[in-house]
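Colleague: dropping the sequence and predicted coords here.
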Amino acid sequence: MSASSSKQKNKKKQNGEAELKEWVETSKKGGGDVDVDEVLDEVNVPFIENGIVIDHLPPGASDKVLHILAMPEGESEVWFLMNVRSGKMGKKDIIKINSTTIDPDDVLEKLKNLSFGYTFNVIRNQKVVKKVRK
């Protein structure tokens, strides 16, 4: 890949991330819904190669979960989607963490006292190898 196309790809990714943040902020303020399919199409949220996905969180819960996890800055690629449409829940939050260093058992231990439900997926080579529903 040439340096020019690499720069264009990084700029597109940064623009997408900014747009995602704008959608989330608009949704938080009650200005509209965020459609997860639209977000994924527009900002190209990557598949998780190795890491975890915490799905089916109640709307607004991702802030609390991220605070509990206390992720070290710059160590993992973290995506969180807030107030996305859900067929079962109406709306939900999703957290995707792409990381080879994260310990899934440690994360589950940190989340064990949450009062709300979620689905916890461990991902290896883009495949779910463990699923826990709370």
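Modeller: Cool, got the structure. Numbers count the residues shown, from 1 in each chain.

Colleague: CA atoms for contacts and neighbours, from now on please.
Modeller: Fine.

Colleague: secondary structure element holding the nearest residue to I95 once chain neighbours are set aside?
Modeller: In space, and not counting its chain neighbours, I95 is closest to F80: 4.3 Å by CA to CA, 6 or more residues apart in numbering. Here F80, judged by DSSP states H and E, is contained in strand 77-86.

Colleague: ok, the nearest residue to V65 once chain neighbours are set aside - how many residues close by?
Modeller: Once flanking residues are discounted, V65 sits nearest to L111: 7.5 Å by CA to CA, 6+ apart. A count of nearby residues for L111, using other CA atoms under 10 Å, gives 17.

Colleague: the one 5 residues further on too?
Modeller: Neighbours of F116 under the rule other CA under 10 Å: 12.

Colleague: got a list of what it touches?
Modeller: With contact set as CA atoms under 8 Å, 6 or more residues apart in numbering, F116 has these partners: 57-58, 134.

Colleague: same question for K96.
Modeller: So K96 contacts 48, 51-54, 78-80 (CA under 8 Å, 6+ apart).

Colleague: could you export these as CSV, including pLDDT?
Modeller: Below are the contacts of K96 laid out as CSV (pLDDT from 0 to 100):
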residue, pLDDT
I48, 89
G51, 94
I52, 95
V53, 94
I54, 95
V78, 89
W79, 88
F80, 85
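
Colleague: buried subset of those?
Modeller: Buried members of those, scored by 16 or more other CA atoms under 10 Å, are 48, 51-54, 78-80.
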